[in-house]
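Participant: what would the 3D arrangement of this be:
(chains A and B)
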Amino acid sequence: MTMTRKVVRFVDQRSGSAPLLRKIARYLFPDHWSFLLGEVALYAFMVLVATGIYLTFFFVDSTKDTVYHGPYAPLQGQHMTEAYKSVVDISMTVKAGLLIRQTHHWAANVFVAAIILHLMRVFFTGAFRKPRGLTWMVGVTMLMLTLLEAYMGYSLVDDLLSGMGLVIGYSVGMSIPFIGANLMEWLFKGPYPGQHAFWPRMYILHVLLFPILIAVLLSVHLLLVAMRHHTQFRKKRSQSNHTIVGVPMYPGQTPRSLGLLCAVVGVLFLLGGLVQINPIWLWGPYHTYLSTNGAQPDWYLGWLIGALRLVPGFDVVIGNYTLIPNPFWGGALYPMFVFGFLYFWPWFERRLTGDHAFHNLLERPRDNPLRTAVGVWMVTWVLLVLIAGSSDRVYVLFDIPYVPQIWFYRFFNLFFPIVAGFGAWWVCRELQKGEPVEEDRELAEAQARLAAWSSRRQSSET
Amino acid sequence: MSRAKDILLSGLVLVASRGRRKPRKDAARIVPDAGPNPGAETAAILLLFLSGLCGVAFVVVYALDRIPHQTQFLGLAIGGAFVLLAAALITTGLKLIVTEELADEYPPNEHPHEQQLIADVVEESGSRLTRARLFKLGLAAAGGGVAAAALTPAVSFGPFLRIKYFFGTPWRPGRRLVDENGRPWKASDIEEQDFYTAFPENDPDREALGAALVLVRLPKASLRLPAELRGYDADGILAFSKICTHAGCAISLYRTPKFAPDSPKPALVCPCHYSTFDPAKGGRVIFGPAPRPLPMLPLSIDKQGYLRARHNFDEAIGPSWWGVRNRSANP
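Facilitator: Reported below is the predicted structural model:
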């Protein structure tokens, strides 16, 4: 009996799992590069958990006032919160602390980016269709939780930028009609800034509650994928809605996936070591009465700052009751619309097309021009609002005045995405029309080759 | 001596020789055999050892104190270790392991028989209940009660009906304005073309939303204060809440006309979303998302020339909420 066999016997005799393990080992992975995006997100999440646990050993979740007397001269003698001081210490005095902190921040960026690209892949290929509607909804929920989790992560640091970000978030909360002020007072234990109660709350949300929520949803997401098996493109004739063709988990897929895991971890550590991100010691500590010009959030919140900037200055007021305070439009309603669209699109598409069938085969974007057009409209809109959020940087870098830029975006961002959607629809139709021509050409070429070959054969035979 | 030679020789043999495994006797393999790929195998082995070396390098760099660019070298070492390991694994996956492409059935779309069984089990299990509706009502009552009890402790997080908190500011009639170091501001300190931050004297909580002011001085002739704010200035010195009425950031930009008269007039600007306020018109919004003017604090100059608050702000400070226009911020 070989060693391997003995190990398998050991496990099977104690768990009875040999039939299950055999099935798992030969579970099939259809092959396409875009199927790896979700995996990248998973691995970035692992890096986030690992580096995050390390950071918790050094971070102090307190906004108690303290005076800095560390090695970094420019902050010498400055008043700051213990939270900010602990992160400066992680960056300056804890050995390898800066590497882990920067890797954590880079991993957050890669995590969000991978989720968004994965979501776009799933959307544009129709992978969300029956029987995977629940998987899609769990995924969209995870994206929402991830954005909040990342926002709380850089708010915890309490540097000048993070404090400005948090007070904007607080103001958006205050702007919720009817209950905003009460909700924020309850959550922050009084008006913010100027309260210390929120820090330990945000800390436990960031390091425990949200990671566990995300991990649970991640498990459900992966379990649902595995129960239904992965979708596939039709690259071979044998691939159909009933038959899956792919590489088995073991031995084929295992080294590839582990390789991708190591590649993600390696690249994140290289970024964390070599490419500076969020140098909080340069921003200085947050105080209510301070702010800095050129403040930008991390890119994945840029669409919200853009939306907040584009809304003209008005509150909806009835008498002296403020019904809808201004930040609600850009900071709350706009993201609610985008996420509402994501949640309800599968249902809406079913209503629109009457297609209630089960689908294991993916569509290419051109196969469904309507969906592609709607998707391009949405992506372009969010992207343009994000770009509008950087208009102050455009002003500084290219000397294009700020006010005309905002007026331009206020109109352009509404109609251009529609144009882009129609453009995408047209491109899809043209690509579809081109396909029979392409097939005819290939067929004719094959026939010509066959004819040439057979005539050569005949001439050589005679 | 000869023993050492033996050990060295056997070691070399171990490293250099490529073991040829005998093929399994039974021909019924599961994973097909595709023969060796010595080049890829050498590459993979080399990459694995290099990865291990990088891991050791990380430990060495960590142990060395005070080398320049330690973070960079640490990142390079551990990142390199993982990237090399990735390269080894991917080489293994693509070149050293047979890529099987297998076909299998997708799981059935649904299982009507099992569905029916589950439904039957659930429905039959309640056959002894004679007042099923009342029972369900009881379940709902118990669930609701327990849920309410479980959620109630969360009320302790903070107050949620004490709306007066949002109107509180530390400004009182006669209170002097001081700078960051607690030194009282004199009217003569405030010059045109610049802006200043002020706090209430002897107030411990500068982080409170209502504390910080922004001061500017404009030529008296250029003031166009609305009727209800007339006289809020002290000899052309104007005091506003430093907190933007849009999203609570601090107003920290002052646009002043350096090349009058063709450049735009002076304006206070919030750097978060670029709400722009006209100090000459009592903080009126000229551009950007802010929905309300900057609250203004009426000033006076005492006999020694110090700036003092005459009373509280004319309006509630901070971002908008449902009651922000309900009553004045005056305590």
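Participant: please name the residues that touch A:His206.
Facilitator: A:Glu149, A:Met152, A:Gly153, A:Leu156 (C-beta atoms under 8 Å, 6 or more residues apart in numbering or on different chains). Bear in mind the C-beta positions are built from the backbone N, C-alpha and C, glycine included.
Participant: in the stretch 1-150 of chain B, which spans are strands?
Facilitator: B:102-105 (DSSP state E, counting those that start in this stretch).
Participant: which residue packs closest to the residue of it found nearest chain A, ignoring adjacent ones?
Facilitator: Closest residue of the stretch 1-150 of chain B to chain A, C-beta to the nearest C-beta: B:Gly75 (1.0 Å). Once flanking residues are discounted, B:Gly75 sits nearest to A:Gly273: 1.0 Å by C-beta to C-beta, 6 or more residues apart in numbering or on different chains.
Participant: elements contacting the helix or strand that contains the one you found?
Facilitator: According to DSSP states H and E, A:Gly273 maps onto helix A:254-274. If you count contacts as 3 or more C-beta pairs under 8 Å, 6 or more residues apart in numbering or on different chains; DSSP states H and E, helix A:254-274 packs onto helix A:36-56, helix A:97-124, helix B:70-91.
Participant: save the ones you listed as TSV, and put in mean neighbour count too.
Facilitator: Putting the helices and strands packed on helix A:254-274 into TSV (neighbours: other C-beta atoms under 10 Å in any protein chain shown) gives the following:
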stretch	mean neighbour count
helix A:36-56	19
helix A:97-124	22
helix B:70-91	22
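Participant: confidence score at the most centrally placed residue in chain A?
Facilitator: Geometric centre of chain A, nearest residue: A:Val112, 2.9 Å, by C-alpha atoms, centre = their mean. We have a pLDDT of 98 for A:Val112.
Participant: returning to that earlier point: out of the helices and strands packed on helix A:254-274, the one nearest A:Tyr409 is which?
Facilitator: Nearest to A:Tyr409, of all the helices and strands packed on helix A:254-274, is helix A:97-124, at 21.4 Å by C-beta to C-beta.
Participant: just checking, what packs against that closest one?
Facilitator: helix A:36-56, helix A:82-92, helix A:133-155, helix A:254-274, helix A:369-388, helix B:70-91.
Participant: which stretches of the chain have low pLDDT?
Facilitator: In the absence of a named chain, this looks at chain A. Scanning chain A for pLDDT under 70 picks out the ranges A:462.
Participant: hmm, I had chain B in mind actually
Facilitator: For chain B, the ranges with pLDDT under 70 are B:1-2, B:7-27, B:258-263, B:327-331.
Participant: longest single helix anywhere in it?
Facilitator: Longest helix of chain B, by residue count under DSSP state H: helix B:38-63.
Participant: tell me what angle that one forms with helix A:254-274.
Facilitator: Comparing the axes of helix B:38-63 and helix A:254-274 via axes from the mean of the first three to the mean of the last three C-alpha atoms, to 10 degrees yields an angle of 30 degrees.
Participant: does helix B:38-63 reach chain A?
Facilitator: Yes - judged by C-beta under 8 Å from any C-beta of the partner chain, helix B:38-63 comes into contact with chain A at B:Tyr62.
Participant: let's verify the most centrally placed residue in chain B: helix, strand, or coil?
Facilitator: Residue closest to the mean C-alpha point of chain B, counted by C-alpha atoms, centre = their mean, is B:Cys272 at 14.5 Å. Following DSSP: H, G, I helix; E, B strand; the rest coil, the label given to B:Cys272 is coil.
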